[in-house]
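Undergrad: Predicted coordinates and the sequence they were generated for:
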Amino acid sequence: MTQHLPVLVIVVPLLTALIVPLVERVRRGSAWYLVTGALLFSTYAAIQMLVQVSSGPIEGSIRYALGAWSAPMGIEYVVDRVNGIVLTMVAVVGLISAVWMRPSLKMEIREQARGSYYTVFLLCCVGFMGMTITGDIFNLYVFLEIASITSYVLIAMGKRRQALYAGYSYLIVGSIGATFILLGIGHLYMRTGVLSMADIVALFEANPELFEKSDVRVAFAFFTVGLAMKMALFPLHGWQPSAYTQAPSAASLFIAATSTKVSAYVFYRISFSVFGIQFLESALPVIRDGLLVMAAAAIVLGPLLAIRQNNLKRLLAYSSVGQIGYIMLGVVLLNMDGVTGGLIHFWNHAAAKGALFCVAGALVYRTGSARIADLAGMGRTAPWTATVLTISGCSMIGVPLTAGFLSKWYLGAGALAADRWMIVPVLLASSIFTAIYVWRLLSLVWFAPKEAVPAVTKEVPWAMRGPALVLAAGCLVFGLSSISVSIARDAARALGLGS
Amino acid sequence: MRDLLQHLWTHYHYVIYIALMLIGLYAVLAKGNLVKKVIGLNLLQTAVFLFYLSIGHKTGGTVPVLWEGKPDAIPYENPLPHVLMLTAIVVGVSITAVALALIVRIKAAYGTVEEGEILALDEADGQGGS
Amino acid sequence: MMLAMTLLEIAPAVSVGVCLLGVFGIVLARRSPNVREAVSLITAGVNFVLVLWMYCQFQDGKEIGSTLVEIVPGLSLGFRVDALGILFGLIASSLWIVNTLYSIGYMRAHDEHKQTRFFSCFAIAIAACMGAAFSSSLFSLFAFYELLTICTYPLVIHAETETAKAGAKRYVTYLLGASTLFLLPALFLIWYAGGDNPTMAFAEGGLLASSTASHGLLGLAFVLSVIGLAKCGMMPFHSWLPAAMVAPTPVSALLHAVAVVKMGVFGVSRIVLHVFGIDLLEDIGIHQFLVWGACFTIVTASLVALVQDNLKRRLAYSTISQLSYVLLGLGMLVPAAGMAGVLHIGVHAFSKITLFFAAGAIYVALHKTKVSELDGIGRRMPITMTAFTIGALSMIGLPPAAGVVSKWFLVQGAADGAWYGVLAVLVVSALLNAAYFLPIVWRAFFKPTPPGEDDGYKEAPLLCVVALSITAAATIALFFLPDIFADLARAAVGGGS
Amino acid sequence: MEVLILAVLVGLAIAAVRVRDLLTATAILGAYSLMMALLWCTMNALDVGFTEAAVGAGISTVLMLAAIGRIGRREGGPSRMPLLRLPLLSMRQRVERAEELEEGQGRAGAWGAVLVCALVGGLLLYGTADMPRVGRQDSPANRKDDPATPANEASISQRYLDESPHDVGPNNVVTSVLGDYRGYDTMGETCVIFTAALCVLMLLRQAMPRTGGRRRRDGDA
């Protein structure tokens, strides 16, 4: 059984998704149990595999040849230290969202659609996990489309009509992005004749002169632009704020915590494991500088735009724009510390942003909208939720001893090591802007005037509070222990960066 | 200049696919009608399919169905792009279906499928802004 | 034996833990004020005993503390007790007891709202002080430094009026802003200067002593860290302190005379003594920045204090000026002056808390906040005003109050190091101190009560009076017996413990 | 022959975009798909050609027609807000958009789109610079073996052709690869169809009165 985990982690939820509509037809309300059960299994499998690769050699990985056709002929699933991190993140966040969304969906989705909604959600998880685990660039595209289609619809099912348009806009942008990625894959295939990532990078390493070929460069450019659209990298983030704002809270939670980051992971994978470090180092300083500017702009402007918002979900969406900048910064810096910072941020941001969207969801659950003004006085009526907001907000700022601090610390160190001094003030400025909007939220929550009647009259059910607390605890645990750092450092080493 | 023209001529498959793709992309970006955008998306996708098939094409080749006694001079077509594009076509039509379903819903909710009018309505709802 | 060893390792953590446990108890006992206040007092007492025990062990030359967790290579959270730390720990933990007594009297007499929040935040603040005092690394210190800022915010905003909100906003903006914009980058540079083996653990003679980083970078790090430690009140990053005076008086007394500002100068002491080290600073020459910044602050703050009519604001500016004595002492890089600076941390704490206690007592008893209203008050509140006078004498540097001791060493140090400009500043500042404190004393005791005002005996609640008497007595005692603190200060500066 | 079809394709594409009647545009798109299918058949991609004819020209068109039946066939003006607009503009865009609406014009959006297309097109053309000519047997993707790249003695395509008879069986190599070597892609593809069907159902059921939903579902199957 253990040796089949790489495929089971995908196939079990996939098959579950197929039977859920049938079972739901027989017995209404059973969908949630199946979905949660499937995700529980995936989480177990993902953690199991992460532990397994973490205890092995640095470069080691679990390879699984699907249908017994090993690459290059068939498709291979590969779990190594890098995607182990992301796979675990997706599975855990998926499980947490599944637990969380049950009460929330009761408020936001009509009963007869709920079973389908769970199914689509599960398929979305499958898509993201598949994107993460696959070692074949075309298989990546297929899973990317599964994840995308489900995301569009998860978003479009929001209560207001604006959700439909938000879902549609995301569909258009996402499809353009996916088509660009498909083009990138095509260019690579044309040049190498294979589709397995491992074989492509081996070919590139053996023939560095290929980097001079115009089509290889164009392939990288299209991967970059396509993924930048999917991950809402500044300035291609236009679809994101509306999508996060209008989606049902459950979808905002899951998609905000995983979707853009899986795309960012794919960018890591493509950069390091398909094109290879040599290509990044030598071939395209222009692209690197351009990406650096884009990442820096995202880091500063994301939180800056967030300050002005008066809808909590929209605010968080803009803050995500900034956070993706951090992850991208890791790739661009291209050294041990920078990549470590970028990789830790996968977990750190998932925990913090997930927790914040739990809070936003709780607000919607109690008041029907995500107006920031309605947070006033929540500290008195819903202290647990308010605590979650406080901890995860601190992590977003990067307060020491929270997870966010470590990401920024390593990114800063990476910037110095790469002689990019200007990045340090950029990181600082972003922390300040983040602090401004987080402080605004916290002062509303904790220091509202006594006479104001809190719009949130009481706590949300434990099914929503528990997951939020787990995520907030994650912010603290990752910030206080060195586990995540050591895993991320090893992962960076596995990507081929010197120590 | 001559080299460039010659290059374009010898790579005319690619030039055409690029042209088709740009037409599609233009429609997606510039057209205000939501259905028109989907049409553009379709053009965009088929153009990429054409690109893949051009990659695998062999002049004077034959269908990749194995048969006995094939002269060596006639190569089989490269089957892999065919496989990939079979998958991609199905994915493309799935996206079209979802997009159209969304448009139908948008029509029901807004009474229009013109981007500008939808945004104006959102503005009136106080939901505008990016 | 094993137990004793383990206890030594965890004692500082226990000290922090005791305070936090106290918070828990306070919150649990929120329904019954008497139990709640008892919990506060007991926590303060237990903590003080623990610190005393650590002091004794430390005097025996035992190694106390351990590293708890290393988050990133070089970024560790951990505790180690040394002379400087135990000095700060002793001051904070002893004054907390007194201050708790005082707070109980003050808050009850005033019938303040949200007393549970008040007492629990107070306990967290002390926990942060303990943690900072015993931190073994700059990173730990930084973490507790930030914790202190955050947990004192509810105390400053306590009244929840518009003024309180504005004051608290300024307080938190300045402190958090400075520490994020300057201190954090400084930490980062110090870490980065460590090269392949980065560390932030304090070391005798400076952890950067053997660093190969360029002097420009190190100098930048030094300046950034001093500015970033805005709690030390150096101008022009001082204006949070007067703003924080909107807080209830016990807060101003303990936090803004002792805990918070002392945390600032304590941090600077750490930076000077145990991060950069005197030799390295001498090499770079950047200590000039500290000295002249401090001189400027001493004189300017005194001048501003002179024109303040609000008593607490006057005391606040006096604090700003007095803190710079500490910075000045450290900056001169002369052993005697450094020792004077560190000693002044303790001396000033006892004197200034007395002054604030007196100000609060006047407010509780007579609802007066302005200097101009204090005519004849000495006859109505004789104990309070006597204590006030003792505190004032200490500030000016006159016997028989403790202030004269540290100032004496400071003068000696300035003479040793041939800092003649500094000597002049010291003289001017003593005169200015006299100029803004003595008129208060004169008004209180020698001016008649304004006509139409009651002039009967009316002291503050008993607990308040007891508290301020204790600190006043301690101020005098420190004049006669300065050795406990002086030895620690000498050990802190001179190396060897 | 190919050149002729390609030219027709471009013409049809332009027509499909330009014509303002959506029904006509759909019809043109169907014709375009058929031409494309024809082209692929001439390029010996029979399976793909058939699929395109069935799915692209068939199902897509039916879906489009069904949708247009519900929403009307008239196309309005151009996009007033290109999706890829620079977000920095968003601060002022409230005002600007209002003005734009008043004047009833959106040329800026169109020019933005032209600009983006020019950039993408330029990039793609640059990409063709080093591409092998179409139809070569020795291009990296098609080659039998390539001494320059010892890492792969033959491209996988060639290995599929060589090895599938005894590995898998069917004479049609496309089937072998689709069903066996890369079977998991196909499973993913099936999953996409399932997802899309589920999504469409969920979307339409949410809004429609029950009868409408029923009719619509039939159209989708």
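TA: Yep, that arrived.

Undergrad: Okay, and the closest residue in space to residue A:299 that isn't next to it in sequence sits in which element?
TA: By the measure of Cβ to Cβ, 6 or more residues apart in numbering or on different chains, the closest residue to residue A:299 outside its immediate chain neighbours is residue A:325, 3.8 Å from it. Bear in mind the C-beta positions are built from the backbone N, C-alpha and C, glycine included. Per DSSP states H and E: residue A:325 is located in helix A:312-333.

Undergrad: Spatially nearest residue to the residue nearest to the spatial centre of chain D, not counting backbone neighbours?
TA: Centre of chain D computed as the mean C-alpha position; nearest residue by Cα atoms, centre = their mean is residue D:56, 8.7 Å away. Of all residues not flanking residue D:56 in the chain, residue D:33 sits nearest, at 3.7 Å (Cβ to Cβ, 6+ apart).

Undergrad: what's the spacing between the one you found and residue D:58?
TA: According to Cβ to Cβ, to the nearest Å, residue D:33 and residue D:58 sit 8 Å apart.

Undergrad: quick one, which of the two is more surrounded?
TA: Taking other Cβ atoms under 10 Å in any protein chain shown, residue D:33 and residue D:58 do not tie; residue D:33 has more neighbours (25 against 17).

Undergrad: per-residue confidence at the residue in chain A that chain B sits nearest to?
TA: As assessed by Cβ to the nearest Cβ, chain B sits closest to residue A:161 within chain A, at 3.7 Å. Looking at residue A:161, its pLDDT stands at 85.

Undergrad: The closest residue in space to it that isn't next to it in sequence: neighbour count?
TA: In space, and not counting its chain neighbours, residue A:161 is closest to residue B:109: 3.7 Å by Cβ to Cβ, 6+ apart. If you count neighbours by other Cβ under 10 Å, residue B:109 ends up with 17.

Undergrad: doesn't residue A:164 make contact with residue B:109?
TA: Yes - Residue B:109 is within contact range of residue A:164, at 5.9 Å (criterion: Cβ atoms under 8 Å).

Undergrad: how far is the top helix by length along chain D from where the chain is centred?
TA: When chain D is parsed with DSSP state H, its longest helix is helix D:183-207. Between the centre of helix D:183-207 and the centre of its host chain there is 17 Å, according to Cα atoms, centre = their mean, to the nearest Å.

Undergrad: go on, stretch C:410-418?
TA: Offset of stretch C:410-418 from its chain centre (Cα atoms, centre = their mean): 24 Å.

Undergrad: What is the subsequent helix or strand relative to the strand or helix carrying residue A:183?
TA: Residue A:183 belongs to helix A:161-192 when assigned by DSSP H and E. Counting by DSSP H and E, the element after helix A:161-192 in chain order, helix or strand, is helix A:197-206.

Undergrad: Go ahead and name everything in contact with that following helix.
TA: With contact meaning Cβ atoms under 8 Å, 6 or more residues apart in numbering or on different chains, helix A:197-206 is reached by A:71-72, A:76, A:78, A:135-137, A:188, A:192, A:194, A:210-211, A:269, A:273-276, A:278-279, D:149-152.

Undergrad: which residues of chain D fall in helices?
TA: According to DSSP H, the helices that chain D contains are D:2-18, D:22-42, D:46-51, D:60-71, D:90-103, D:107-128, D:156-167, D:173-176, D:183-207, D:210-220.

Undergrad: Chain B too?
TA: Counting by DSSP H, the helices of chain B are B:2-10, B:12-30, B:34-56, B:79-110, B:115-125.

Undergrad: would you turn those helices into CSV with mean pLDDT?
TA: Shown next, in CSV, are the helices of chain B (pLDDT from 0 to 100):
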stretch, mean pLDDT
helix B:2-10, 78
helix B:12-30, 88
helix B:34-56, 90
helix B:79-110, 91
helix B:115-125, 78
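
Undergrad: I'd like to know which of those is closest to residue A:439.
TA: helix B:115-125 (30.0 Å; Cβ to Cβ).

Undergrad: how near is residue D:161 to residue B:75?
TA: The value you get for residue D:161 to residue B:75, if Cβ to Cβ is used, is 9 Å.

Undergrad: Chain neighbours aside, what residue packs nearest to residue A:364?
TA: Counting by Cβ to Cβ, 6+ apart, the residue nearest residue A:364 is residue A:249, at 4.9 Å.

Undergrad: tell me the contacts of residue A:265?
TA: Each residue near residue A:265 by Cβ under 8 Å, 6+ apart is listed here: A:82-83, A:86, A:131-132, A:346.

Undergrad: Could you list the single helix or strand in chain D with the lowest mean pLDDT?
TA: Lowest by mean pLDDT, DSSP states H and E among the helices and strands of chain D is helix D:210-220, with a mean of 39.

Undergrad: Can you report how many residues neighbour the closest residue to residue A:167 other than its chain neighbours?
TA: Excluding the flanking residues, the one nearest residue A:167 by Cβ to Cβ, 6+ apart is residue A:156, at 2.7 Å. By the measure other Cβ under 10 Å, the count of residues near residue A:156 is 30.

Undergrad: Show me what the longest strand along chain C is packed against.
TA: What stands out as the longest strand in chain C, according to DSSP state E, is strand C:67-72. With contacts defined as 3 or more Cβ pairs under 8 Å, 6 or more residues apart in numbering or on different chains; DSSP states H and E, strand C:67-72 has these neighbours: helix A:403-417, helix A:462-480, strand C:75-78.
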